[in-house]
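Visitor: Pasting the sequence and the predicted model now:
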Amino acid sequence: MRWINTRPNRGAQLALMLLPFVLLVAAYAAGSAARLAENANDKLLPGLTGFADAVNRLAFLPDARTGDYLLWSDTAASLIRLFAGLGISTVTALLIGMAIGMLPYLRALLAPFVAAVSMVPPLALLPILFIVMGLGEASKIALITIGVAPTMIRDLALKALELPREQIVKAETLGGSSWQIALRVVLPQILPRLVTCVRLQLGPAWLFLIAAEAISSDSGLGYRIFLVRRYLSMDVIFPYVVWITLLAVLTNFVLDRIRIAVFPWSELEKQ
Amino acid sequence: MRWINTRPNRGAQLALMLLPFVLLVAAYAAGSAARLAENANDKLLPGLTGFADAVNRLAFLPDARTGDYLLWSDTAASLIRLFAGLGISTVTALLIGMAIGMLPYLRALLAPFVAAVSMVPPLALLPILFIVMGLGEASKIALITIGVAPTMIRDLALKALELPREQIVKAETLGGSSWQIALRVVLPQILPRLVTCVRLQLGPAWLFLIAAEAISSDSGLGYRIFLVRRYLSMDVIFPYVVWITLLAVLTNFVLDRIRIAVFPWSELEKQ
Amino acid sequence: TSNAVAAPKTDFKVAWSIYVGWMPWGYASDNGIVKKWADKYGLTIEVTQFNDYVESMNQYTAGAFDAVTLTNMDGLSIPAAGGVDTTAVIVGDFSNGNDAVILKDKASLADVKGQNVNLVEFSVSHYLLARALESLKLSEKDVKVINTSDADMVSAYKTKDVSAVVTWNPLVATILEDPTAKKVFDSSQIPGEIIDLMVANTDVLKDNPNFGKALAGIWYETAALMTADTDEGKAAREAMGSASGTDLKGFEAQLAATKLFDKPADAVAFTASPSLPKTMDLVRNFLFEKGLLGSGAASADVIGIEMPDGKVLGDSGNVKLRFTDTYMKAAADGSL
Amino acid sequence: MSELIIDSVWKEYGDQIVLENVSLTVASRAFVALVGPSGCGKSTFLRMLLGQERPTRGTILLDGEPLPAEPGPDRGVVFQRYSVFPHLTVLGNVLLGKELMASKFKARLFGQARRSAIDEARQLITEVGLSGAETKYPAQLSGGMQQRLALAQALIMKPKVLLLDEPFGALDPGIRAEIHTLMKRLWNETRMTVVMVTHDMREAFTLATRVVAFERPRDRPEEKERYGATITRDISIWPPRRAGELSHFSPDRDGPVVLQGPRRDDPSSSPSGVR
Amino acid sequence: MSELIIDSVWKEYGDQIVLENVSLTVASRAFVALVGPSGCGKSTFLRMLLGQERPTRGTILLDGEPLPAEPGPDRGVVFQRYSVFPHLTVLGNVLLGKELMASKFKARLFGQARRSAIDEARQLITEVGLSGAETKYPAQLSGGMQQRLALAQALIMKPKVLLLDEPFGALDPGIRAEIHTLMKRLWNETRMTVVMVTHDMREAFTLATRVVAFERPRDRPEEKERYGATITRDISIWPPRRAGELSHFSPDRDGPVVLQGPRRDDPSSSPSGVR
Ligand SMILES: Nc1ncnc2c1ncn2[C@@H]1O[C@H](COP(=O)(O)OP(=O)(O)OP(=O)(O)O)[C@@H](O)[C@H]1O
Ligand SMILES: Nc1ncnc2c1ncn2[C@@H]1O[C@H](COP(=O)(O)OP(=O)(O)OP(=O)(O)O)[C@@H](O)[C@H]1O
Ligand SMILES: [Mg+2]
Ligand SMILES: [Mg+2]
């Protein structure tokens, strides 16, 4: 039997899926044990009990200074920024992307500009951003938006352009105006793609959030990671990284479910 | 005439394309003039002559300390890292992505792991990366790879999976083994997508490069930006950002031309 | 950003970043001390914490803040060289061991010769290295400097290719936990040269002297609280430790390597002493050599530095950095 | 009335002449089948009637007025593919035209207006044999059902002219025969002129009142760019068919009935789907 | 020899029974047309003959041996779509099978071996009427040309059994007629058994030696999942056609010749392409 034709059964599939994660944890445990045997105070690869301590301290004991439960207050702070940034990007991308995709004049005006802007490395422009937006939440949200929106705009514009010309013509023969066609034909078909688009941008959005929090903040997951990095407190950094990853994976999954629930036809189309 | 049916002619199209860029420069010039009127030494928005001076100094006069022409030596250092990182990512993504797409066992093993890894914020793991890879070029290239490869792997795996089942079956009836099908059917059809995939990852790759150079380096475009950021030398930062953007836009364009030249059929397919 | 505008201003913005000598600002803000003093003078003072020191100075230089915490060297090379006339309102402390040159597996400073040295380029670490090399009659040509971000200095030290670093606390303390790390030179060997300041925009200060007074009031109340050997003092130190990502013990260790001016009289004396002009002369020459006083600077004299007694170091027509004891003296006299 | 007058129309794309001097008068309520080799410009001609493209030279008049420069509700269309909206249900697809016409900004109907529009839409859905499938999405329909839906969608606008571009080309013969019957009936019952492009001669002669053939008179490769296609034949069907007068011939059902054969697994296929 | 024996084969997907107790013996060099309503399991049956799927119950024998569990070079296939490789030229597509068989690791031929393979490929390309298009990519060919290419690609393997799943369903009638002629000739000249799924009765009766109909005997919605389709008719064509003996009837050309009509703009269409 050719390799491409052999398929694992359900059990094997589950086992295979878990294997790399188990291996990773095992490799970590071995590396950590080796380093701790050499230097019991080693901070780079703390043992699993070190993690348990840190997580317990951060998640279940109030902070001496603020009285907050840090993990949760950091998570709340970061998620608010993340979703605000993604939300603004989404709306912007939807409006501008659709307009670029539908209106030839706007396309001529904006498409090259957006393409150029999407290549600008936003991290290099942070000082400007902070001056313009101030140092509060606005600038963090703006960094996420600047980092994420141009790609989303291009993606959605492309999607709007890809709608078969026949559909638009058909809508015109049904008496649709530009506005009506945007509202009833283009928009609903773009929305599922928008959700997918947001999912693809989750990784970059977290990246920009962490970068913004690293610079000026007093709470947030990225802030905490950069704060304790000075002390090489990997016992805090690792759990935070895992937690961020989990949040991202979960968001990704939930968004896809939402798409299927709200736009059932988009799932039918695929098959 | 409906808005969606009005099209600019060639001249109007060119004018529209340039308009946002011109506006941006004009807005900058105005903002800069206003700030310079208040403080002639203002560094945040230097005047256009300030840029000319800085560019002249960096590109055409040797550096007092090293004797290098900084812009060019920085560009060379950065591009080597960028292309090394992208190159390694590309090869990795091609091999693993194709394997995941073609072999059900490997898919069960790796697909969920890669999906999880692609959500890990790489910047947070820098300390580990340094310890493992050292502080030299290796860790910079590794950061680009870690940041960029998981997304590419997923994209290529998806593409390999999307090949019509009929094609694979047909290849089997032509006597193809798994290896032969990979080599002669899947690989060549994935390559053009790989090029597109690299183009999409140019933005993130630059981002990770700049982040890596900001952390430890003695040359490179990102190094220079973060070094002079200490003095808010926007007269250097802006030209560097524009230069990076230009390089990215150019790479993007060249890669697409290469795809069309090397895989002419991939362009035919589109129509 | 109303540098030149004399209109009455009551809202002020102060930026600070996480460093042992500046933690009191965060504590004061959290615990109502800032509000108390601001209210006293009918002002509002918004205190913003930065994780990233460089960005806090950039924001001040660009005009987004009225006051910021920084070192004497950065005060000269960043806002002053950037044309922002800046006055040191409070001389808070100087580094007395907080900055150090650390070698891996080598015990003597002389061993630094020929090595790669990782440090934040153009920072006080760079200056410390220059002073250390001077003490050996060496110059920067004898080593190779590699710019490394402070946030990653600790993990950088752990890598094989790093053998020498220059940095500050808490990074010094964390690196020294590694048995291979040997401190071979530190700022206690150049006492009083690395000074931590609270600076404010000179124009703002001139128009609103109450702002300076409020800052002085905040600083000395907090400093007195944190140095007190009471439960309250301990609680304050613990809170500051926690805010800087460490604990009480770690914070107290950092404090021990800092000469904190908790009494205004000491600060006044330090500012008026003849050693300050000497230090600033060293600093400006270092910066000039590195080309950090502006690309067109013809000599170290381009920027004038005014001392409390009115003497000016450098171009008296272009004074951009001023030391004053006005506010600290007011605190010492109890006339705030 | 809905008479189409095409007067010496040329169409060029850049240097390439696609159509050369085409003149044709289509009587009101005629059913014209347009045939011709692939690439000769049939779709281009249809797009010009639709208003999607403009002739390079010449004029097109609808009821004596120049054609509007854009597609509009007076001319309906069914393409070979992409003629229905994948995000709307069957009912939603048929309603859409009503909604666009009646509600300028919201493009939606509510209350009584919506109920009466739904009644009308349902009636049309039943007429094209899709009743029962109202809540399905196009992806859940077979190709034949989708094309019937596209017809219903176009017909609810009561267009003066119905333009069909190979509407049944992608369907298999059994389904096609069913749709031919439907098409005949609709043409008889509604007051519209039909122009249909087709590759299928049998279809052309089964449905049309008149078959018009486009061809490039000069077809050597080196001449292709320089000369366009034009009308080479124009055949009226005998005995003449007229809309509204039921023809005595039932449409040809694609060959002899051989076995009580395959039926589509298609809930709304007419029970007499025997080939 | 290439006799297929299908013995009481069942196929279930989860709970759904698709095929129920299908038994069929296909003689060597027969041409079987498989017809039946959409969704009744024709493609599934073909996939089982191909080895792409395995029967849930029952056995399939090829020349007395159980079928290998995977597709292999003894059974060629042409699908309705995606049967040629878009990244290879016409010549590359036909050569591929030769290269895969001859070169295990590189999957490429060089030198003399390559030249002789090319000769063989060119001959086949000419036979299916594609000569002149050797360096074109599939995207540059019309649908009919692509399917002829797929045939050539399968035939170079000299398969014992050729399986066709609606290979001509997407083509328009003129092209289809041409391909039928070609198909007849190839079947006569090569030594293979053909099983073809089609929706088109006319095609089935034009080409096949035997027409087999699949149908679900119980077709009420609530029964659909529980009973599968099976063979309901099995008709041998009269007068019998036999491979190698030229039939006296030329394949039906889809209806009467009405006008010296549309030709395809297709360089390799046979010059007699008149309908
Ligand atoms: N927008 C366009 N720009 C340039 N050339 C075009 C355009 N649209 C069509 N053509 C050309 O015009 C000619 C006629 O095309 P058209 O689609 O009208 O042919 P057709 O008769 O409908 O063919 P088919 O039977 O294959 O649908 C073709 O040669 C085509 O390449
Ligand atoms: N992989 C599969 N998993 C589950 N069900 C399947 C699968 N493949 C086919 N089926 C089901 O089996 C039935 C038969 O499908 P098949 O494609 O064989 O029909 P068909 O006769 O070829 O139809 P058509 O004429 O439309 O091509 C259908 O109900 C289909 O939903
Ligand atoms: Mg056409
Ligand atoms: Mg099928």
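Guide: Received, thanks. Ligands and ions are numbered 1, 2, ... in the order given.
Visitor: Would you state the strands of the stretch 1-150 of chain C in chain order?
Guide: All strands of the stretch 1-150 of chain C, identified by DSSP state E, counting those that start in this stretch, fall at C:11-17, C:44-50, C:67-71, C:86-95, C:99-104, C:116-119, C:144-148.
Visitor: quick one: the shortest one to chain centroid distance?
Guide: Strand C:116-119 has its average C-alpha position 21 Å from the chain's average C-alpha position, going by Cα atoms, centre = their mean, to the nearest Å.
Visitor: How about the first one?
Guide: Relative to the chain's own centre, strand C:11-17 is displaced by 15 Å; criterion: Cα atoms, centre = their mean.
Visitor: Relative to it, what are the paired strands and their orientations?
Guide: strand C:44-50 (parallel), strand C:67-71 (parallel) (DSSP bridges).
Visitor: is chain E contacted by stretch D:193-211?
Guide: Yes: using Cβ under 8 Å from any Cβ of the partner chain, stretch D:193-211 reaches chain E at D:His199, D:Asp200, D:Met201, D:Arg202, D:Phe205. Any C-beta I mention is one placed from the backbone N, CA and C, and that applies to glycine too.
Visitor: and that stretch, does that touch chain A?
Guide: No: figure legend: stretch D:193-211 not in contact with chain A (Cβ under 8 Å from any Cβ); closest approach 13.6 Å.
Visitor: That stretch: end-to-end distance?
Guide: Start-to-end span of stretch D:193-211 (Cα to Cα, to the nearest Å) is 14 Å.
Visitor: quick check: mean pLDDT across it?
Guide: Across stretch D:193-211, pLDDT averages out at 89.
Visitor: what's the answer for stretch C:113-123, then?
Guide: What stretch C:113-123 shows for mean pLDDT is 91.
Visitor: now what about it, what contacts it?
Guide: Stretch C:113-123 is contacted from outside by B:135, B:216, B:227, B:230-231, C:73-74, C:77, C:103, C:125-126, C:129, C:136, C:138, C:142-150, C:153, C:156-157, C:161-167, C:290, C:292, using Cβ atoms under 8 Å, 6 or more residues apart in numbering or on different chains.
Visitor: What about those residues, which are in helices?
Guide: If you go by DSSP state H, the contacts of stretch C:113-123 have B:Leu227, C:Met73, C:Asp74, C:Ser125, C:His126, C:Leu129, C:Met153, C:Ala156, C:Tyr157 in helices.
Visitor: With distance to ligand 2 and neighbour count as extra columns, can I get these in JSON lines?
Guide: Formatted as JSON lines, these follow (distance: Cβ to the nearest ligand atom, whole Å; neighbours: other Cβ atoms under 10 Å in any protein chain shown):
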{"residue": "B:Leu227", "distance to ligand 2": "60", "neighbour count": "20"}
{"residue": "C:Met73", "distance to ligand 2": "72", "neighbour count": "25"}
{"residue": "C:Asp74", "distance to ligand 2": "68", "neighbour count": "27"}
{"residue": "C:Ser125", "distance to ligand 2": "66", "neighbour count": "27"}
{"residue": "C:His126", "distance to ligand 2": "68", "neighbour count": "22"}
{"residue": "C:Leu129", "distance to ligand 2": "70", "neighbour count": "23"}
{"residue": "C:Met153", "distance to ligand 2": "58", "neighbour count": "28"}
{"residue": "C:Ala156", "distance to ligand 2": "55", "neighbour count": "28"}
{"residue": "C:Tyr157", "distance to ligand 2": "58", "neighbour count": "27"}
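Visitor: Adding distance to chain D as columns, could you present these in TSV?
Guide: Output for these, formatted as TSV (distance: Cβ to the nearest Cβ, whole Å):
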residue	distance to chain D
B:Leu227	52
C:Met73	64
C:Asp74	59
C:Ser125	61
C:His126	62
C:Leu129	66
C:Met153	55
C:Ala156	54
C:Tyr157	58
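Visitor: Check the gap between C:Lys158 and A:Asn252 for me.
Guide: Applying Cβ to Cβ, to the nearest Å, the value for C:Lys158 to A:Asn252 is 34 Å.
Visitor: Can you get me a residue count around the residue of the stretch 151-300 of chain C found nearest chain B?
Guide: Residue of the stretch 151-300 of chain C nearest chain B, by Cβ to the nearest Cβ: C:Ser155 (3.4 Å). C:Ser155: 25 surrounding residues under other Cβ atoms under 10 Å in any protein chain shown.
Visitor: wait, doesn't it sit right on A:Tyr231?
Guide: No: between C:Ser155 and A:Tyr231 there is no contact under Cβ atoms under 8 Å: 10.8 Å.
Visitor: To B:Leu221, which of the strands of the stretch 1-150 of chain C lies closest?
Guide: Proximity to B:Leu221 (Cβ to Cβ) singles out strand C:144-148 among these, at 13.6 Å.
Visitor: Return the set of buried residues in that closest one.
Guide: For strand C:144-148, the neighbour count (16 or more other Cβ atoms under 10 Å in any protein chain shown) marks C:Val145, C:Ile146, C:Asn147, C:Thr148 as buried.
Visitor: strands paired with it, and their directions?
Guide: Here strand C:144-148 is paired, per DSSP bridges, with strand B:216-217 (antiparallel), strand C:116-119 (parallel).
Visitor: Which pLDDT does the model give D:Leu4?
Guide: Here, the pLDDT recorded for D:Leu4 equals 93.
Visitor: Nearest residue to it in space, please, no chain neighbours.
Guide: Excluding its sequence neighbours, the residue lying closest to D:Leu4 (Cβ to Cβ, 6 or more residues apart in numbering or on different chains) is D:Val26, at 4.1 Å.
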